[in-house]
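Undergrad: mind looking at a prediction? Sequence and model below.
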Amino acid sequence: MENNTKNWLYNIGAAIGILSILIFCVYLGLGWYTKHNIKIKVPVLTGKTISDAESELKQLGLSLKIIDSVYNEKAEAFSIIEQIPAANEEVKPDRAIYVVINSGNKPKVKMPKLIDQSLTLSKAVIKNNGLILGNISYSYDEIGNNLVISQLVNGREIEPGTLLNKGTTIDLVVISNNKEQFPEMIDSTENSTTETPELKEN
């Protein structure tokens, strides 16, 4: 009976020992698999081309994924303008670094209809559509005042709905009934005296 008890205790102890060894091995294997003790510092990618960034990340055991493209006139075409995670952050091996690139192409906008609109409204519409107000010239009209009668790009009439690069300069021609803006329109007779014709005797 005593021998059976010893054998039973021995078997339990052996089983616990084996289980402990297995748990320890699994823990070591999991640590190796996840590489939780290895950290890689993310390099600076902004301003670099996609090919250069991919090559640099590959050497570090990382990868690159493009998540978006936007236009930035201050950056080189197709260069990286944003990265996630940020530079100098530490990540695990095989991590993907997400980037936003400069599309290199200016976005297009439709030319709004400004003709017959007030100059004040036209200025706001031009700005809200991502366009730039250029030169404003005036034309005399006795009735109308402060209304746009012509919209131009590089001296040529531009139809509403025409696709333009964002940031295109729009010139306007506006009518005005202010004669002071047009000295040549002032009636030269306004400052002259009217002479009464002499009556001839029969």
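TA: On my side now, so go ahead. Numbers count the residues shown, from 1 in each chain.
Undergrad: break this structure into its domains for me.
TA: 40-102, 108-185 (automatic domain parsing).
Undergrad: can you redo those domains as TSV with mean pLDDT and mean neighbour count?
TA: Quick note: C-beta positions are derived from backbone N, CA and C, even for glycine. Shown next, in TSV, are the domains of the chain (pLDDT from 0 to 100; neighbours: other Cβ atoms under 10 Å):
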stretch	mean pLDDT	mean neighbour count
domain 40-102	94	15
domain 108-185	90	14
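Undergrad: distance to Ile21 for those - can I get that in a markdown table?
TA: Below are the domains of the chain laid out as a markdown table (distance: least, Cβ to Cβ, whole Å):
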| stretch | distance to Ile21 |
| --- | --- |
| domain 40-102 | 27 |
| domain 108-185 | 67 |
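Undergrad: and Ile16, which of those is closest to it?
TA: When the domains of the chain are compared by Cβ to Cβ, domain 40-102 sits nearest Ile16, at 33.9 Å.
Undergrad: which SS state does the residue nearest to Pro43 when sequence neighbours are not counted fall under?
TA: Distance criterion Cβ to Cβ, 6 or more residues apart in numbering; nearest residue to Pro43, sequence neighbours excluded, is Glu56 at 5.7 Å. Three-state assignment for Glu56 (DSSP: H, G, I helix; E, B strand; the rest coil): helix.
Undergrad: what sits against Glu56?
TA: 43, 45, 48 (Cβ atoms under 8 Å, 6 or more residues apart in numbering).
Undergrad: and the residues you listed, which is closest to Asp94?
TA: Looking across the contacts of Glu56 and measuring by Cβ to Cβ, the closest to Asp94 is Pro43, at 15.7 Å.
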